[in-house]
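K.L.:
got a sequence here, can you build the structure:
(one chain, ligands or ions: 1)
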Amino acid sequence: MPFAERKGCEKSDSKFCGVETDFSDDFRSLLSFNCDTDHGRFDFVLVPLMNPSYRPSLVEGINSETQVLPFAGSDLVLAPLEWRCRVTGKISSWIDLDAKDETLRLDSETTLKQEIAWAKHLSLRSCLLPTPKTTSCANYARCVNQILKGYTEMELWLRIPLMDSDSEDPKDSWELWNSFRLLCDHDSSLSVALDVQNMLPSENALGRWFGESVKAAIISTQCFLPTTQWYPYLLKNHQKLITRFFHHDVQVIVSGKPVFNLQKDSVNVTEGMQAYLDYLSNLFCKMEPFSAQELKEVIHRDRLHTPLQPLKENLEAHSYEMIERDSVKYTQYQRAIAKALEERVPNEKASELTTVLMVVGAGRGALVRASLQAAKDTGRKLKVYAVEKNPYAVVTLHYMVKKRGWEGIVTIISCDMRFWSAPEKADILVSELLGSFGDNELSPECLDGAQRFLKLDGISIPSSYTSFIQPITTSKLYNTVKSINSLSHFSTAYSVKLHSVARLAPSQPLFTFKHPEFSRKPNNKRYKNLRFNLPSDTGSALVHGFAGYFETVLYGDVHLSIEPTTATPNMFGWYPIFFPLMKPVEVHPKSPIEAHFWRCSDSTKVWYEWSLSLPTLSPIHNPNGSSYSMGL
Ligand SMILES: C[S@@+](CC[C@H](N)C(=O)[O-])C[C@H]1O[C@@H](n2cnc3c(N)ncnc32)[C@H](O)[C@@H]1O
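P.N.:
Here you go, the predicted structure:
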């Protein structure tokens with residue numbers, strides 16, 4: 001029974017828990033014993049499909065018609081759905097396709113192909129491939145790659161130890177995974193099953209895996225300690241790790257013999273294993289339930305969206321609806337406007353002076369409302385111009401002004417702010433033309449046009465904004481872009497609610513724009529190169545691209561941010577932006593990443609170009625905005 005359906009664990013998404021078992025030729029009993037009876041209630045078994053003593057070279061006449069391969073029972077012992085949902089096939093762990101011994105190598109290849117063919121016959125959803133014996137695993141990868149290219153319905157999980165603790169000279173096991181998946185050209189049906197042992201790598205080394213395609217975590221019973229009642233429990237770091245796996249839809253599989261809970265008289269092995277499952281269920285139940293907002297957003301995780309272009313295209317009603325739902329944004333704007341009003345008009349002049357405030361890009365009027373509320377709260381007199389170029393949003397603006405009786409205070413201007421001849425100058429210019437990357441909805445170009453009608457000592461809200469970038473591992477997004485099968489999609493930026501990512505180094509500021517900028521001729525072209533160093537205990541990692549964020553100073557100390565370390569709490573209106581790399585780049589400890597970003601423009605459009613110069617050179621992405629640009 002999935003965790004989510006267990007009593008007390010009623011959460012939105014179900015997580016499954018499996019158990020690793022030995023080979024048995026009585027498959028029916030094995031499954032019932034581990035999944036269906038009071039002895040065990042696991043969701044699925046990870047089990048060898050073939051008798052482990054089998055070696056093709058030792059069997060005479062294997063190809064003759066009378067020879068039966070030593071698989072566990074016939075396909076009839078389980079119903080098709082049981083095979084599919086309750087069994088993950090474990091490919092024989094003795095196989096070594098890169099062995100020097102030719103007989104072993106050929107036996108391994110034959111067995112791998114036979115077992116996969118059987119798993120395919122049974123329509124299994126997934127099979128576990130044994131850990132490569134060494135990093136030199138080209139022949140193993142070649143055979144797996146042939147399988148992947150021939151049959152895409154089944155997932156193959158490569159078993160990788162989270163930490164190589166056996167050898168005297170421990171290697172970074174991530175390298176093993178990386179060699180294998182590079183040889184298989186990032187095939188999306190190839191994933192990782194991580195073996196979790198007692199020793200855990202550093203937090204940064206662990207973090208890398210959350211950007212990789214990890215489908216299962218196999219946790220050894222040796223990781224558990226006994227409570228005073230001899231029930232198994234995990235230490236804090238293991239608890240944290242397993243909870244993180246739950247958050248990332250990783251299936252947990254318990255492996256090994258039960259070590260605790262053995263003092264009961266009638267205890268048998270599976271009752272002991274049930275105690276581990278109970279512990280994991282409790283851990284699952286202890287997770288914070290999703291908030292209403294998180295629940296709504298789950299389906300957007302790792303989904304690539306085309307960033308909005310509110311200047312070139314008129315936003316539709318549902319886009320305004322989404323934008324206006326984020327009440328935190330408007331509260332912050334209201335606070336910033338209140339501050340600006342108080343600074344502009346001293347208390348003693350509050351009843352005499354009228355502040356001229358222009359909301360440029362007024363949309364359906366939410367910032368007009370926030371401005372009037374700020375005026376009411378501070379006791380300041382206000383005259384408002386609402387400038388909007390989308391004629392359909394203007395319809396709603398008129399409706400709102402009429403309904404609220406604001407005709408004497410609010411003037412609606414249906415016009416592009418860059419071309420409007422204002423009848424007077426403004427004290428305060430309020431706008432929200434910000435994209436996930438700050439300037440990517442062309443706020444700089446629009447506000448350069450609008451500052452003509454701002455008084456020389458006038459205030460712009462926002463007063464500045466800065467974009468940030470950060471190198472990330474995200475095999476999921478990389479594979480999504482790759483599946484579109486066109487190089488131009490690697491030269492495009494996407495807005496995306498990042499979930500399956502590893503943030504490899506702290507983000508750094510990229511481009512800043514300040515408003516107003518009366519002192520010089522506006523130049524909104526930018527170029528910057530940034531160096532990122534991975535923390536020394538991360539190990540190596542693969543960079544699939546850059547996550548982009550923005551931070552803005554609305555006024556004084558009132559900020560908005562989507563940069564993860566300074567993010568405005570409970571604000572959900574913007575997802576980060578993602579700049580992919582055509583070819584993911586391997587980064588090693590102590591070798592920095594050097595990224596170059598350009599903001600370019602011509603008379604009709606603005607676009608970004610990006611490239612790497614370290615650790616290797618990459619092509620310059622999106623030259624001349626050929627794949628992705630923002631229309632002026
Ligand atoms: C992101 S929406 C924000 C709407 C509203 N201010 C809010 O916060 O709810 C940006 C709005 O600015 C408008 N806009 C963009 N560029 C403009 C321009 N150059 N002149 C006038 N309006 C513009 C768009 O049509 C859109 O309604």
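K.L.:
now the helix or strand of the chain with the lowest mean pLDDT: buried residues?
P.N.:
The helix or strand of the chain with the poorest confidence is helix 269-285; it has a mean of 83 (mean pLDDT, DSSP states H and E). Buried residues in helix 269-285, counted by 16 or more other CB atoms under 10 Å: 270-277, 279-281, 283-285. Bear in mind the C-beta positions are built from the backbone N, C-alpha and C, glycine included.
K.L.:
in TSV, list the residues you listed along with distance to T152.
P.N.:
Listed next are those as TSV, based on distance: CB to CB, whole Å:
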residue	distance to T152
T270	35
E271	40
G272	39
M273	33
Q274	36
A275	39
Y276	34
L277	32
Y279	36
L280	31
S281	33
L283	34
F284	31
C285	36
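K.L.:
show me where the stretch 51-200 of the chain has strands.
P.N.:
Taking DSSP state E, counting those that start in this stretch, the strands of the stretch 51-200 of the chain run over residues 87-90, 126-129, 155-161, 190-196.
K.L.:
if we can go back for a sec, in CSV: the buried residues of helix 269-285, plus distance to the ligand.
P.N.:
Formatted as CSV, these follow (distance: CB to the nearest ligand atom, whole Å):
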residue, distance to the ligand
T270, 58
E271, 59
G272, 58
M273, 54
Q274, 54
A275, 54
Y276, 51
L277, 49
Y279, 48
L280, 44
S281, 44
L283, 42
F284, 39
C285, 40
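K.L.:
near the ligand, which residues of this structure?
P.N.:
Residues of the chain lying close to the ligand (CB under 6 Å from any ligand atom) are 310-311, 315, 323-324, 361-363, 366-367, 387-390, 393, 416-418, 432-433, 446.
K.L.:
inside helices: which ones of those residues?
P.N.:
Mapping the residues of the chain next to the ligand onto helices (DSSP state H) picks out I323, E324, A366, L367, A393, C446.
K.L.:
select from these the one having the most neighbours.
P.N.:
With neighbours defined as other CB atoms under 10 Å, the most crowded of those is L367; it has 25 neighbours.
K.L.:
do I have it right that that residue meets V360?
P.N.:
No. Using CB atoms under 8 Å, L367 is not in contact with V360, being 9.5 Å away.
K.L.:
need the overlap of contacts for those two.
P.N.:
Residues touching both L367 and V360 (CB atoms under 8 Å, 6 or more residues apart in numbering): V430.
K.L.:
please report how far F437 lies from L372.
P.N.:
Distance of F437 to L372, given as CB to CB, to the nearest Å: 30 Å.
K.L.:
tell me which of the two has more neighbours.
P.N.:
For F437 versus L372, neighbours defined as other CB under 10 Å are more numerous around F437 (27 against 20).
K.L.:
shouldn't P226 be in contact with P232?
P.N.:
Yes. If you go by CB under 8 Å, P226 and P232 touch, sitting 6.5 Å apart.
K.L.:
more neighbours, these two?
P.N.:
For P226 versus P232, the count of surrounding residues by other CB under 10 Å is larger for P232: 22 against 14.
K.L.:
nearest residue to that one in space, please, no chain neighbours.
P.N.:
F224 (3.7 Å; CB to CB, 6 or more residues apart in numbering).
K.L.:
surely that neighbour meets L280?
P.N.:
No. Between F224 and L280 there is no contact under CB under 8 Å: 10.0 Å.
K.L.:
find residues that contact each of these two.
P.N.:
Joint contacts of F224 and L280 (CB under 8 Å, 6+ apart) do not exist.
K.L.:
check contacts around I459.
P.N.:
Going by CB under 8 Å, 6+ apart, the list of residues near I459 reads A340, E343, R344, D427, I428, L429, Y555.
K.L.:
give me the buried subset of those residues.
P.N.:
A340, R344, D427, I428, L429, Y555.
K.L.:
what lies in contact with the strand or helix carrying the fifth one?
P.N.:
L429 belongs to strand 426-431 when elements are defined using DSSP states H and E. Counting contacts by CB under 8 Å, 6+ apart, the residues outside strand 426-431 that touch it are 333, 337, 340-341, 344, 355-361, 367, 371, 385, 443, 446-447, 450-451, 453-455, 458-462, 515-516.
K.L.:
go with 7 Å
P.N.:
337, 340, 344, 355-361, 367, 371, 443, 447, 450, 453-455, 458-461 (CB atoms under 7 Å, 6 or more residues apart in numbering).
K.L.:
what's the mean pLDDT across stretch 2-9?
P.N.:
Model confidence over stretch 2-9, given as mean pLDDT, is 70.
K.L.:
mind checking the SS state of Y320?
P.N.:
helix (DSSP: H, G, I helix; E, B strand; the rest coil).
K.L.:
quick check: it touching G363?
P.N.:
Yes. With contact defined as CB atoms under 7 Å, Y320 reaches G363; the gap is 5.8 Å.
K.L.:
joint contacts of these two?
P.N.:
A393.
K.L.:
the strand holding L429: partners in the sheet, and parallel or antiparallel?
P.N.:
Here strand 426-431 has these sheet partners by DSSP bridges: strand 354-360 (parallel), strand 454-461 (parallel).
K.L.:
tell me how far that strand lies from the chain's centre.
P.N.:
37 Å (CA atoms, centre = their mean, to the nearest Å).
K.L.:
tell me where the stretch 401-550 of the chain has helices.
P.N.:
443-450, 475-483 (DSSP state H, counting those that start in this stretch).
K.L.:
look at D537 and say how many residues are nearby.
P.N.:
Residues near D537, counting by other CB under 10 Å: 11.
K.L.:
again, but for D457
P.N.:
By other CB under 10 Å, 9 other residues sit near D457.
K.L.:
for it, give me its contacts.
P.N.:
Contacts of D457 (CB under 7 Å, 6+ apart): none.
K.L.:
can you list phi and psi of the closest residue to E203 other than its chain neighbours for me?
P.N.:
For E203, ignoring the flanking residues on the chain, the nearest one in space by CB to CB, 6+ apart is D537 at 8.0 Å. When read as degrees, to the nearest 10, the backbone of D537 gives phi -90, psi 10.
K.L.:
need the contact list for D537.
P.N.:
Counted by CB under 7 Å, 6+ apart, D537 has contacts S202, N204, A205.
K.L.:
do that again at 8 Å, thanks
P.N.:
D537 makes contact with S202, E203, N204, A205 under the criterion CB under 8 Å, 6+ apart.
K.L.:
gap between the second one and L162?
P.N.:
When distances are taken as CB to CB, E203 and L162 turn out to be 13 Å apart.
K.L.:
show me what the helix ranked longest in the chain is packed up against.
P.N.:
Identified as the longest helix of the chain according to DSSP H is helix 102-121. Contact analysis of helix 102-121 by 3 or more CB pairs under 8 Å, 6 or more residues apart in numbering; DSSP states H and E lists strand 87-90, strand 126-129, helix 138-150 as its packing neighbours.
K.L.:
please identify the most buried of the ones you listed.
P.N.:
Of the helices and strands packed on helix 102-121, the one with the most neighbours on average (mean count of other CB atoms under 10 Å) is strand 87-90, at a mean of 26.
K.L.:
pairing partners for it, with directions?
P.N.:
strand 44-48 (parallel), strand 126-129 (parallel).
K.L.:
let's have these in CSV, adding mean pLDDT.
P.N.:
CSV is the format used below for these (pLDDT from 0 to 100):
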stretch, mean pLDDT
strand 44-48, 97
strand 126-129, 98
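K.L.:
picking up where we left off before, please indicate which of the contacts of D537 has the highest neighbour count?
P.N.:
That'd be A205 among the contacts of D537, by other CB under 10 Å, with 20 neighbours.
K.L.:
ok so, going back, out of the contacts of I459, which is nearest to S136?
P.N.:
Y555 (60.3 Å; CB to CB).
K.L.:
gap between the closest one and the ligand?
P.N.:
Going from Y555 to the ligand by CB to the nearest ligand atom, to the nearest Å gives 15 Å.
K.L.:
which residues touch that residue?
P.N.:
A336, I337, K339, A340, I459, I461, P462, S463.
K.L.:
now the third one: phi and psi?
P.N.:
In this case it means K339. phi -60, psi -50.
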